[in-house]
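1. Build me a model from this:
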Amino acid sequence: MVGWLVNGVRGCAKNRKGYNYLQTCNLVNIKLKWAKDRVLDEAVAGQRDLKAAMILVSLISSSPETSVPIYRLRLHRRQLGIPDELKLSTFIRRYPTIFHETFFPDSAGTPVPAFRLTAEASILRQEELNVLQQNQMDLVDRVRKLLMLMRHTTLPLQTIDQLKWDLGLPYDYQQTLIPNFPDVFSSVKLEDERIGLKLLSWDNLLAISHLQKNVGLSEKNIAFPIGFTRGFGLRRKCTEWLEDWQKLPYTSPYSDASHLDPRTDISEKRIVGVFHELLHLTIHKQTERKNVSNLRKPLGLPQKFTKVFERHPGIFYLSKKSDTQTVVLRDAFNGSELLEKHPLVDIRRKYGALMDKGLLDRSRGLYRKATDVKELSV
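-> Predicted coordinates:
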């Protein structure tokens, strides 16, 4: 059972009204222990390998060559997210239902591994491309809303790259998606000399959070859906604080919050709202914590802003699967299943099922003979 320890609780002056009231709701100091949620861990499991495999599928399918040499695939290793100690060729060979291995001789006559897609993977890739085309405007709107969350409606492309898998963007979105909307996006050079993506125009119809859509724009004291890990216990003081916190005014993540004192609960509720909205923009309602750690300045947030993930375990779950921390939005799930499934989620599950089949067949030795035979082609 998780214990919440409340130290030096300083509540709101309940009889005060208006701006002064908001600025005297001092931030409550809460310390808590992490509680494992096996059900939500199941929703995170396998995402790392699935992401890596689908990036490789994209790279191979977009290559003019029939088979892509392993040394060219290694150029993209950092984007795959697989463990440093794992050889890329070893990872690819785990999934013979996705990747077919061939060999070609180098200048010295030494066989060099190369990989192409299997027939099943090629069919699935075409289905994926069709879904991406059919949902192009949805993906564009996700990028627009992401930029609208930022103070200057601009983000470095490097930062968007870290989120592109979560947002459902194609791996090569900079070449295949963004150029199709020159009236929406513009490339700009940032102060640190990096290239950024800027939103050219604000859309009030998009500047409505997921919570506001469900509750209504007229509601000012919106409460977040709360759900704790089974067996999670709250002390009475914590329950009372949480009830008061939920009653605080909700500040839209798309509105200017520069007037809020970062040392207050009202400011923290706004930060929670920002990440609640950001996670709703992702198709799996989750992202690795490191993907949002560099958003402090673009979002205009205070130091240690990601502490809200620990402070609000009823809203966010921090999974520690795959040797990383993944932030999961609790209210987007019924058990381990998403309540709202984007068409790309079904495509990714089909890839996952094909990968699982390859692992099982390989464990039965069905591919042992095939991998021992070296095909030579010029």
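2. distance of Pro156 from Thr324?
-> Taken as CB to CB, to the nearest Å, the spacing of Pro156 relative to Thr324 amounts to 22 Å. For every residue, glycine as well, the C-beta is placed using N, CA and C.
3. the bottom helix or strand of the chain by mean pLDDT?
-> Taking mean pLDDT, DSSP states H and E as the measure, the helices and strands of the chain show their lowest mean at strand 4-7, namely a mean of 34.
4. In terms of helices and strands, where is Gly231?
-> Applying DSSP states H and E as the criterion places Gly231 outside every helix and strand.
5. I'd like the distance between it and Lys36.
-> In this structure, Gly231 and Lys36 are 10 Å apart, going by CB to CB.
6. higher neighbour count, the two?
-> Counting neighbours by other CB atoms under 10 Å for Gly231 and for Lys36 shows that Lys36 has the greater number, 13 against 8.
7. Contacts only, for that one.
-> With contact set as CB atoms under 8 Å, 6 or more residues apart in numbering, Lys36 has these partners: 229, 320.
8. now the strands: where do they sit in the stretch 201-350 of the chain?
-> In the stretch 201-350 of the chain, strands defined by DSSP state E, counting those that start in this stretch lie at 286-288, 316-319, 326-329, 333-334, 337-338, listed in chain order.
9. Output the below-cut-off pLDDT ranges for the protein.
-> Along the chain, segments meeting pLDDT under 70 span 1-32, 367-378.
10. Where is the longest helix in it?
-> Counting residues, the longest helix found in the chain (DSSP state H) is helix 343-363.
11. Quick one: classify Ser187 as helix, strand or coil.
-> When the structure is split into helix, strand and coil by DSSP: H, G, I helix; E, B strand; the rest coil, Ser187 lands in strand.
12. Torsion angles phi and psi at the residue lying closest to it once chain neighbours are set aside?
-> Using CB to CB, 6 or more residues apart in numbering and skipping residues adjacent in sequence, the residue nearest Ser187 is Ile195, 5.8 Å away. Reported as degrees, to the nearest 10, the phi and psi values for Ile195 are phi -90, psi 130.
13. give me every residue that touches Ile195.
-> Applying CB under 8 Å, 6+ apart, one finds that Ile195 lies in contact with 156-157, 187-189.
14. Once you drop chain neighbours, what's closest to the most centrally placed residue in the chain?
-> Central residue of the chain (CA atoms, centre = their mean): Thr287, 2.9 Å from the mean position. Residue nearest to Thr287 in three dimensions, not counting chain neighbours: Asp166, with 4.6 Å by CB to CB, 6+ apart.
15. one step back: and the longest helix of the chain, what does it pack against?
-> Helix 343-363 sits against helix 47-61, helix 119-134, with contacts defined as 3 or more CB pairs under 8 Å, 6 or more residues apart in numbering; DSSP states H and E.
16. Sort out which residues of the last one are buried, please.
-> It refers to helix 119-134. Residues of helix 119-134 classed as buried under the neighbour-count rule (16 or more other CB atoms under 10 Å) are 121, 124-125, 128, 131-132.
17. Can you tell me which of those comes closest to Pro225?
-> When the buried residues of helix 119-134 are compared for distance to Pro225 (CB to CB), Val131 wins out at 28.7 Å.
18. Please verify my assumption that the closest one contacts Lys350.
-> No: the pair Val131 / Lys350 is not scored as a contact, 10.5 Å apart, by CB atoms under 8 Å.
19. Give me the distance between Ala353 and Arg38.
-> Between Ala353 and Arg38 the distance, using CB to CB, works out to 22 Å.
20. Give the burial count for Asn214, as a bare number.
-> 11.
21. same deal with the one 3 residues further on?
-> In terms of burial, Leu217 registers 10 neighbours under the definition other CB under 10 Å.
22. give the contact list for the residue lying closest to it once chain neighbours are set aside.
-> Closest residue to Leu217 in three dimensions, ignoring its sequence neighbours and counting by CB to CB, 6+ apart: Ile208, at 6.9 Å. Ile208 is in contact with 217, 252, 254, counting by CB under 8 Å, 6+ apart.
23. List the contacts of the last one.
-> With contacts defined as CB under 8 Å, 6+ apart, Tyr254 is in contact with 148-149, 207-209, 277.
24. Try it again at 6 Å.
-> Counting by CB atoms under 6 Å, 6 or more residues apart in numbering, Tyr254 touches 148, 207.
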